[in-house]
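[1] Just the structure for this:
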Amino acid sequence: MNDILQLKGKFEKRDNPNKPGSSKLKKNEYVTEEHITTLISQLKRIHEYWTKNRDIDGALISVHYNKVVAKTNRIQILLSDKGLNTTDSIRGAKFKWDKISDNKTQQKHVFTHYVPLSAIENTLNLLSNARTIIINDYNYKITSDDTENIATKKIYNKQDIMARTTFLKVIVDCSHVEKFDIDYNNDEIQTESIITIYKTNINTKELLQKFGINILDNRIINDTTLKLYHEELQLLQSKAPYLIAMALTDFREINDDYSLDTYEPENTLIPSPTNEPIVGVIDTQFNEEVYFSEWVEYINMLTPDIELEKSDYYHGTSVSSIIVDGPRANPKLDDECGRFRVKHFGVATHNGFSSFGILKMIREIVSTNRNIKVWNLSLGSKTEIPKNFISPEGAELDNIQTEYDVIFIIAGTNKADNSTSTMRIGSPADSLNSLVVNSVSFNNTPASYTRVGPVLSFFQKPDISYYGGDGRSANERIAVCRDSLGAQYVVGTSYAAPWITRKMAYLIYNLGLNREIAKALLIDSAAGWERKDNSSGELGYGIVPIKINDIVKSQNDEIKFYLSGSAEDFETYTYNLPVPIAKGKHPYFAKATLVYFPQCNRNQGVDYTNTEMDIHFGRIKMNPSTGKTNIKSINNNKQSDEGKIILYEESARSMYRKWDNVKHISEKINPRAKPREVYDSGLWGLSIKTKERLQPRNGQKLNFGVVITLKEMNGVNRINDFIKACIIKGWIVNRLDIQNQIDIYSQAEEEINFE
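    Alright, predicted model coming up:
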């Protein structure tokens with residue numbers, strides 16, 4: 001097998017060459033006087049409501065769009081006020097689905113804004129003036145041809161009523177807006193809950209006091225998310241339902257895993273730990289009577305007044321047993337990663353957990369254990385994730401991973417025993433930055449208890465799958481140790497996740513890879529050349545290979561390499577990848593996996609990730625008419641290309657995974673495929689284009705990792721040719737030599753005694 005290569009060199013950077021032009025309607029679009037009149041009527045009703053209701057010192061108003069809109073198609077001037085960007089007033093985003101026919105629906109965006117009443121008054125004035133112009137000059141309907149003439153030929157004589165550019169912005173905004181409304185949360189929640197309210201100019205405690213709700217600081221998670229008891233939530237729902245952005249039951253029942261009461265004698269021989277890497281486990285409690293307890297440092301995070309039962313130790317101990325010594329009890333899953341030490345934090349009992357308590361504990365745990373980079377979290381909720389917002393646990397995990405440069409491996413949760421209906425995954429498996437693992441049986445099919453994604457109707461979850469057992473016999477299940485009696489045979493995603501945690505720990509600790517490359521390697525290995533990320537949402541990108549060598553090495557006919565960098569501008573790129581040429585052609589299939597960990601904003605609802613990275617990888621080709629050089633991407637990606645038609649948002653999301661924090665682009669292997677034409681210099685290129693939703697520089701210096709594989713069509717090993725060509729082009733090429741990296745780790749972890 002070939003070694004995986006690390007390429008180190010200089011990335012170029014540049015600003016976005018596509019500058020926004022004048023606002024105008026898209027071809028064949030139009031706006032009628034009737035539509036503007038309807039919008040005016042809606043806004044007057046909303047203005048009247050908030051004029052009478054002054055509790056929030058402003059107005060919450062929802063903008064319902066007629067489609068899923070790109071950032072550039074959100075309202076630009078409507079609801080603006082005194083030079084403020086309308087993006088700054090967004091407080092939430094969700095999807096709604098309108099029925100088109102009996103078997104078809106259309107997905108649409110809804111954004112909630114918090115604005116002063118003056119913004120509504122200004123908008124009413126703009127709409128009224130625009131309506132007057134349309135009636136008098138465009139016979140009650142303005143078309144795309146009309147706006148083209150106004151924008152390019154400046155055919156416009158109504159400057160005394162409204163500036164030309166302002167008029168165009170109003171018209172374009174109206175073309176995207178279906179209606180204005182005040183949305184209410186009518187969800188029935190019968191117990192204490194974690195709620196998120198829309199952010200206003202009033203302090204949360206002060207605002208709730210207006211409705212007779214008095215809370216202490218220890219029930220506030222952040223400036224918009226807090227814990228309310230049932231009576232308090234009922235009071236808020238009756239007096240201010242418009243304030244509630246999201247609400248979830250606080251107490252979560254732990255997702256069940258299934259066991260088979262078959263025991264066999266346990267060989268208790270295990271060496272003492274030395275300098276093995278430490279993995280963090282956050283779970284139920286740990287039984288210190290097990291044979292491997294010397295490998296585990298256990299900390300009970302629950303208060304002493306909680307009485308623990310024997311069953312409170314089963315789940316957590318089983319998970320840690322796989323991380324420490326899983327291959328010994330499961331020889332067919334021997335990954336050759338060795339053993340790992342565990343720091344085990346018991347945060348729950350087998351009966352369930354408080355979301356509020358977990359949120360507080362996880363941040364404290366990670367922030368005070370900065371040396372631990374890999375965390376296993378196999379706790380999961382029985383309830384399904386919401387469609388329009390991330391769970392509080394998932395959002396907190398995403399924030400923690402952004403802040404502390406760590407990664408969580410999370411179980412994809414299980415369906416109830418014998419359930420046959422499809423069920424969405426449960427929190428915290430909706431954490432986007434985490435690596436979420438579903439379970440498969442040993443015949444490589446989704447387990448009978450598999451739950452499905454996506455998250456927020458779009459994001460790919462789970463990421464990958466692994467063996468968690470399925471069936472009634474011992475050889476179809478995972479052997480774990482949960483107490484001193486011996487081996488217990490279990491099934492569940494809880495026991496698939498720690499196997500991936502072992503692999504992640506090996507890649508990060510033993511091989512010294514950063515989390516971006518480690519995550520990309522695991523996803524890339526699962527996808528292979530026949531990716532499984534289909535509409536079923538069961539397997540993620542595929543099943544990760546058992547042996548670590550099948551992840552950190554490539555086939556003899558493959559050239560696999562990785563690059564790391566950070567986005568410092570709109571485009572970070574290199575046009576300097578010297579892919580070997582044979583008989584004047586490029587005889588390769590290609591694939592690439594991009595991973596990054598963006599900042600996320602739960603208050604933005606379905607528009608959850610703040611930063612988008614768009615990958616272009618392929619041959620370099622010069623346009624003879626313009627003299628400009630572009631990448632002919634292997635997936636024909638033309639997003640943001642100069643002079644290209646901008647895709648609709650829905651198409652960009654479905655075709656190129658726009659806004660997803662994992663991008664996997666791949667060609668299918670076709671035995672009849674012909675080698676590619678060699679363009680101009682014969683070089684290939686990689687481009688990462690970065691876009692922001694909120695703050696202009698939110699993603700600046702955001703790290704990314706890319707794993708690229710070239711598969712020779714005729715089975716020829718060309719890796720040495722590639723290495724030589726890269727060195728000539730100025731790249732530093734390092735082989736991912738496993739033994740050398742392990743030796744480096746061992747030496748770094750040696751204790752030095754000074755005499």
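[2] just the strands in the stretch 401-550 of the chain please.
    Here the stretch 401-550 of the chain has its strands, by DSSP state E, counting those that start in this stretch, at 407-411, 435-440, 464-467, 478-481, 487-491.
[3] now those as CSV including distance to residue 26, mean neighbour count and mean pLDDT?
    Every residue, glycine included, has its C-beta placed from N, CA and C. Converted to CSV, these look like this (distance: least, CB to CB, whole Å; neighbours: other CB atoms under 10 Å; pLDDT from 0 to 100):
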stretch, distance to residue 26, mean neighbour count, mean pLDDT
strand 407-411, 41, 28, 97
strand 435-440, 37, 29, 96
strand 464-467, 39, 26, 96
strand 478-481, 54, 27, 94
strand 487-491, 52, 23, 91
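[4] how about those strands, which one is nearest residue 684?
    strand 464-467 (27.2 Å; CB to CB).
[5] just checking, what packs against that closest one?
    Under the contact definition 3 or more CB pairs under 8 Å, 6 or more residues apart in numbering; DSSP states H and E, strand 464-467 sits against strand 435-440, helix 497-505, helix 515-527.
[6] Output these in CSV, with distance to residue 566 appended to each entry.
    Formatted as CSV, the helices and strands packed on strand 464-467 follow (distance: least, CB to CB, whole Å):
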stretch, distance to residue 566
strand 435-440, 21
helix 497-505, 21
helix 515-527, 10
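[7] Out of the ones you listed, flag the one nearest residue 29.
    helix 515-527 (39.0 Å).
[8] Find out how far that closest one is from the centre of the chain, if you would.
    14 Å (CA atoms, centre = their mean, to the nearest Å).
[9] Report the angle between that helix and helix 497-505.
    Helix 515-527 runs at 130 degrees relative to helix 497-505, counting by axes from the mean of the first three to the mean of the last three CA atoms, to 10 degrees.
[10] What's the mean pLDDT across stretch 501-517?
    Computed over stretch 501-517, the mean pLDDT rounds to 97.
[11] Same question for stretch 589-604.
    91.
[12] Next, the distance between the ends of that stretch.
    Stretch 589-604 has its terminal residues 39 Å apart, counting by CA to CA, to the nearest Å.
[13] And stretch 157-167, by the same measure?
    11 Å.
[14] Mind listing what's buried along that stretch?
    Using 16 or more other CB atoms under 10 Å as the test for burial, stretch 157-167 gives 158, 162, 164, 166-167.
[15] just stretch 336-354 next, same as before
    Those would be 337, 339-350, 353-354, for stretch 336-354 by 16+ other CB under 10 Å.
[16] Show the average pLDDT along it.
    On average, stretch 336-354 scores 91.
[17] End to end on it, go ahead and measure it.
    Rule used - CA to CA; the end-to-end distance of stretch 336-354 is 37 Å.
[18] now stretch 616-628
    So stretch 616-628: terminal residues 16 Å apart, CA to CA.
[19] what are the phi and psi angles of the residue at minimal distance from the centre of the chain?
    Closest to where the C-alpha atoms of the chain average out (CA atoms, centre = their mean) is residue 432, at 2.9 Å. Note on residue 432: backbone dihedrals following degrees, to the nearest 10 are phi -70, psi -40.
[20] these two touch, right, it and residue 610?
    No - the pair residue 432 / residue 610 is not scored as a contact, 11.2 Å apart, by CB atoms under 8 Å.
[21] where do the contact lists of these two overlap?
    Taking CB atoms under 8 Å, 6 or more residues apart in numbering as the contact criterion, the common neighbours of residue 432 and residue 610 are residue 600.
[22] In strands, which of the buried residues of stretch 336-354 appear?
    Residues of the buried residues of stretch 336-354 located in strands (DSSP state E): 341-346, 353-354.
[23] Does residue 49 touch residue 182 like I think?
    Yes - at 6.5 Å, residue 49 counts as touching residue 182 under the criterion of CB under 8 Å.
[24] Out of those two, name the residue with the larger neighbour count.
    residue 182 (17 against 14; other CB atoms under 10 Å).
[25] What pLDDT is listed against the more buried one?
    pLDDT, residue 182: 95.
[26] Verify the stated contact: it with residue 62.
    Yes - counting by CB under 8 Å, residue 182 does reach residue 62; the two are 6.6 Å apart.
[27] Now tell me what touches the helix or strand where residue 566 lies from outside.
    Using DSSP states H and E, residue 566 maps to strand 558-567. With contacts defined as CB under 8 Å, 6+ apart, strand 558-567 is touched by 2, 4-8, 11, 514, 516-517, 520-521, 554, 572, 574, 588, 611, 613, 686, 688, 690, 699-712, 718-719, 722.
[28] For it, the averaged confidence score.
    95.
[29] what angle separates it from helix 515-527?
    140 degrees.
[30] For residue 6, give me its contacts.
    Residue 6 neighbours (CB under 8 Å, 6+ apart): 561-563, 733-736.
[31] any chance of these in CSV, plus neighbour count?
    Output for the contacts of residue 6, formatted as CSV (neighbours: other CB atoms under 10 Å):
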residue, neighbour count
561, 24
562, 24
563, 22
733, 16
734, 14
735, 14
736, 22
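[32] what residues are up against residue 280?
    By CB under 8 Å, 6+ apart, the neighbours of residue 280 are 342-343, 345, 365-366, 369, 372, 374-376.
[33] picking that back up, closest to residue 525 out of the buried residues of stretch 336-354?
    residue 337 (13.7 Å).
[34] Pairing-wise in the sheet, spell out the partners of residue 280.
    As for beta bridges, residue 280 partners with residue 343, residue 375 under DSSP bridges.
[35] ok, now residue 8?
    Counting by DSSP bridges, the residues bridging with residue 8 are residue 732.
[36] show me the contacts for it.
    Residue 8 touches 563, 731-734, counting by CB under 8 Å, 6+ apart.
[37] now with 10 Å?
    563-565, 731-734 (CB atoms under 10 Å, 6 or more residues apart in numbering).
[38] now do residue 286
    293, 296-300, 312-313, 315-321, 342, 344-346, 482.
[39] hang on, it in a helix?
    No - assessed with DSSP: H, G, I helix; E, B strand; the rest coil, residue 286 is coil; it does not lie in a helix.
[40] And it, its phi and psi?
    Dihedral angles (degrees, to the nearest 10) for residue 286: phi -120, psi 130.
[41] coming back round to it: relative to residue 454, which of the strands of the stretch 401-550 of the chain is closest?
    strand 435-440 (11.0 Å).
[42] And that closest one, how far out from the chain middle?
    15 Å.
[43] Give the other helices and strands that that strand contacts.
    strand 407-411, strand 464-467, helix 497-505, helix 515-527 (3 or more CB pairs under 10 Å, 6 or more residues apart in numbering; DSSP states H and E).
[44] Tabulate these (TSV), appending distance to residue 44.
    Shown next, in TSV, are the helices and strands packed on strand 435-440 (distance: least, CB to CB, whole Å):
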stretch	distance to residue 44
strand 407-411	48
strand 464-467	52
helix 497-505	54
helix 515-527	51
